[in-house]
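Trainee: predicted model and sequence follow; I will ask about them next.
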Amino acid sequence: MEKSFYDNLAQVSLNGDTLSVDLCKKILESSEIELLPLLNAAYQIRKKYWERDVLIHILDNVQNGFCPEDCHYCAQSKISKAIIERYPFKSYEEIMQEAEQAYKRGAFRHCLVFSGKGPNDQRIAELVKIIKDIKSKYPMEVCVSPGTISPEQAVVLKQAGLNRLNHNINTSKRHYPQICTTHTYMDRLNTIKAAKKVGLQVCSGVIIGMGEDADDIIEMALTLRNINADSIPINFFIPIEGLPLKASKVLSPDFGLRVLCLFRFLNPSADIRIAAGRELHFRNMEVMTLFPCNSLFLNGYLNAMGSSDKKTLRMIKDAGFEIKSEYNIDDLLNHKDIKTIEIDRQINTINLKGKKDLHPSCYNTEAT
């Protein structure tokens, strides 16, 4: 393709126009569209809205396991046989200590994640206190992933100062019954709409590699455009042993990068995050994900380990990007206690988080 083709891709997106479905499919599948100029076109859009900033997100599994839902991709679901650490709601003290640790590790946003279908009013009241106290102590944003919520609960969380609510669509409407049967695609959309209606930012992402096709991926990206998702975490399925869902195929770095570019073209101003599976599926091309994406997770994912803090921060710095944080990236890299545990990056090896990873405040008093 001529340079003008890639320039036009970027310009159409910057103008707020939508690419045709046929063109979207070519971006994903056509060898005539070369990867490097495609990445450069996506970067032009990322640069306009996010410049060289990378937003660091750190997850806290506030509770883990014991979920009554049957999401086939999730190690915490009721049908999963994955060997994970299961525990109920963490104590208030542990949650606050881990929020402090996240802040001191450079987090721009701290993400509190709960297993289960959704919270009752008592849980919402507990969340209100946690959100208010984190926001009063640390200059970072708070995102909560509570499951399905009612419009009334969304109002309460907004009034508490919550910045962002996460509820992923995960896949397309057509494909959804293949990955979950205990709730519907519309249940998820209704929670997103409830959050949007009260003025909460919405974080809603997808998982690539669960048997979907190109049309499904395009539908996901367009759905998130239509609901005006503020943040889009793009996960790549991690085939943890014991899950009923198996990897449909090995996802190549080339294909993964095309997916990220497509989401950037269709959601130009969104906070697009390279999420779970980046180490596993992108391998030595992982750094290239920063050109369409402007944020990532530090310290791993819900139940799977990720790269060490030092490796991830070094990747950001070496590529010429900066972190948006109260902390300088060089100070974080030079900290004597920075986490250095690595994962085996072989495609078929997955390391799960243990007690020390899921309860860091109980094992390390130094917030690094």
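Mentor: The structure has been received and is ready for your questions.
Trainee: got the CA positions of the helix or strand where Asn235 lies in CSV?
Mentor: If you go by DSSP states H and E, Asn235 is part of strand 231-236. This file holds the C-alpha atoms of strand 231-236, laid out as CSV (Å, rounded to 0.1, in the frame of the first residue of the first chain):
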residue,chain,number,x,y,z
SER,A,231,-11.2,3.1,28.6
ILE,A,232,-10.7,-0.1,26.6
PRO,A,233,-8.5,-2.8,28.1
ILE,A,234,-7.7,-5.3,25.4
ASN,A,235,-6.9,-8.7,26.8
PHE,A,236,-5.5,-11.7,24.9
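Trainee: any idea of the mean pLDDT in that strand?
Mentor: The average pLDDT within strand 231-236 is 98.
Trainee: and for stretch 20-33?
Mentor: 97.
Trainee: go through it and flag the buried ones.
Mentor: Buried residues in stretch 20-33, counting neighbours by 16 or more other CB atoms under 10 Å, are found at 23-28, 33. Every residue, glycine included, has its C-beta placed from N, CA and C.
Trainee: and stretch 53-68, how far out from the chain middle?
Mentor: Relative to its chain's centre, stretch 53-68 lies at 9 Å (CA atoms, centre = their mean, to the nearest Å).
Trainee: compute the first-to-last residue distance for it.
Mentor: Counting by CA to CA, to the nearest Å, you get 38 Å between the two ends of stretch 53-68.
Trainee: now it: buried residues?
Mentor: For stretch 53-68, using 16+ other CB under 10 Å, the buried residues are 53-65, 67.
Trainee: kindly reformat these as TSV containing secondary structure, pLDDT and distance to Ile124.
Mentor: Shown next, in TSV, are those (DSSP: H, G, I helix; E, B strand; the rest coil; pLDDT from 0 to 100; distance: CB to CB, whole Å):
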residue	secondary structure	pLDDT	distance to Ile124
Asp53	strand	98	32
Val54	strand	98	32
Leu55	strand	98	27
Ile56	strand	97	27
His57	strand	97	23
Ile58	strand	97	23
Leu59	strand	96	20
Asp60	strand	95	18
Asn61	strand	93	19
Val62	coil	94	13
Gln63	coil	91	15
Asn64	strand	91	20
Gly65	coil	90	21
Cys67	coil	93	18
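Trainee: show me the contacts for Pro253.
Mentor: 281-285, 288 (CB atoms under 8 Å, 6 or more residues apart in numbering).
Trainee: so how far is Ser30 from it?
Mentor: 17 Å (CB to CB, to the nearest Å).
Trainee: could you point out where this structure is predicted with low confidence?
Mentor: Counting by pLDDT under 70, the ranges of the chain that qualify are 250, 336-349, 364-368.
Trainee: and if we set it to 80?
Mentor: Low-confidence segments of the chain (pLDDT under 80): 247-250, 335-350, 355, 363-368.
Trainee: grab the most central residue of it for me.
Mentor: Pro233 (3.3 Å; CA atoms, centre = their mean).
Trainee: identify the bridge partners of that residue.
Mentor: Arg273 (DSSP bridges).
Trainee: residue contacts, it?
Mentor: Contacts of Pro233 (CB under 8 Å, 6+ apart): 166, 168, 203, 205-206, 273, 275, 297.
Trainee: how about the residues you listed in JSON lines, adding distance to Ala42 and secondary structure?
Mentor: Formatted as JSON lines, the contacts of Pro233 follow (distance: CB to CB, whole Å; DSSP: H, G, I helix; E, B strand; the rest coil):
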{"residue": "Asn166", "distance to Ala42": "23", "secondary structure": "strand"}
{"residue": "Asn168", "distance to Ala42": "22", "secondary structure": "coil"}
{"residue": "Cys203", "distance to Ala42": "20", "secondary structure": "strand"}
{"residue": "Gly205", "distance to Ala42": "17", "secondary structure": "coil"}
{"residue": "Val206", "distance to Ala42": "17", "secondary structure": "strand"}
{"residue": "Arg273", "distance to Ala42": "14", "secondary structure": "strand"}
{"residue": "Ala275", "distance to Ala42": "17", "secondary structure": "coil"}
{"residue": "Phe297", "distance to Ala42": "20", "secondary structure": "strand"}
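Trainee: most neighbours, which of those?
Mentor: The residue in the contacts of Pro233 with the most neighbours, by other CB atoms under 10 Å, is Cys203 (27 neighbours).
Trainee: just to check, that one is in contact with Asn166?
Mentor: Yes. Counting by CB atoms under 8 Å, Cys203 touches Asn166, with 4.1 Å between them.
Trainee: common neighbours of the two, please.
Mentor: 143, 145, 231, 233.
Trainee: list the contacts of the first one.
Mentor: What that stands for is Cys143. Per CB under 8 Å, 6+ apart, neighbours of Cys143: 57, 109-112, 162-166, 203, 231.
Trainee: again, only using 10 Å
Mentor: The contact partners of Cys143, by CB atoms under 10 Å, 6 or more residues apart in numbering, come to 57, 59, 109-113, 131, 162-166, 200-203, 231.
Trainee: quick one: which of the contacts of Pro253 has the most company?
Mentor: His281 (24 neighbours).
Trainee: quick one: the helices in the stretch 251-368 of the chain, in order.
Mentor: Residue ranges of the helices in the stretch 251-368 of the chain, as given by DSSP state H, counting those that start in this stretch, are 253-266, 278-282, 309-318, 329-334, 355-358, 360-363.
Trainee: next, the buried residues of the last one.
Mentor: What that stands for is helix 360-363. Applying 16+ other CB under 10 Å to helix 360-363 flags 360-361 as buried.
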